[in-house]
Every structure is written in structure tokens, then in C-alpha cells.
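K.L.:
just need the structure, nothing else, for what follows:
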Amino acid sequence: MGRKDAQMPSLPVDNYRKQIGKHNKRQTTTTVKDLKKHTERNSSSYKVTQDIKVVVGGFAAVVILAYCLLFMWLFDPKPVQ
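P.N.:
Sure thing, here's the model as predicted:
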């Protein structure tokens with residue numbers, strides 16, 4: 001019996017272990033890919049929101065500046081004579 005087992009190219013237990021290892025490796029690879037996609041999506045969305053904030057803030061600053069200039073131009077106190 002010892003000779004029969006020794007002549008087999010690989011034991012069924014070894015094949016089973018290899019299959020489990022392949023499955024675990026496949027699962028972790030997809031998990032890592034999903035994690036990378038999620039991280040990239042979050043970082044790109046942060047950049048987009050930051051760009052939107054800068055544009056809206058700049059527009060608001062221009063509007064406020066124009067309003068102040070018009071207010072000062074229209075309601076310029078005249079010197080009393």
C-alpha cells in the first residue's frame with residue numbers, strides 16, 4: 001500500500017488544498033480591486049466637490065464685489081454746502 005500512494009502524482013488532499021488556495025486568492029484579488037475602485041471613486045469625487053466649491057465661491061465673491069461697488073456708486077454721500 002505504501003508503494004501505491006507513493007506512485008500517485010499528487011494526493012487528493014493536496015489537490016483539495018490547492019483548490020482552496022486558488023479560491024481564496026481569487027477572492028482576495030477581486031476584493032482588492034473593488035477596494036481600489038472604491039478609493040479612487042471617493043478621491044475623484046472629493047476633487048470634484050472641491051472644484052465646485054472654488055467655482056461657486058469665486059462667483060459669489062464677484063457678485064458681492066459688484067454689489068458693493070454699485071452700492072457705493074449709487075449712494076455716494078454728497079458733501080453738504
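K.L.:
can you tell me the SS state at Leu70?
P.N.:
helix (DSSP: H, G, I helix; E, B strand; the rest coil).
K.L.:
now do the contacts for it.
P.N.:
Residues in contact with Leu70 (C-beta atoms under 8 Å, 6 or more residues apart in numbering): none are found. All C-beta spots, glycine's among them, are computed from the backbone N, C-alpha and C.
K.L.:
how many other residues sit next to Lys53?
P.N.:
10 (other C-beta atoms under 10 Å).
K.L.:
now Ala60: how far from Cys68?
P.N.:
The gap separating Ala60 from Cys68 is 13 Å, by C-beta to C-beta, to the nearest Å.
K.L.:
Thr28 now?
P.N.:
Thr28 is 59 Å from Cys68, by C-beta to C-beta.
K.L.:
same question, Ser45
P.N.:
35 Å.
K.L.:
what of Lys18?
P.N.:
Separation of Lys18 from Cys68 (C-beta to C-beta) stands at 75 Å.
K.L.:
what does Lys36 give?
P.N.:
48 Å.
K.L.:
now do Asp51
P.N.:
Distance from Asp51 to Cys68, counting by C-beta to C-beta: 26 Å.
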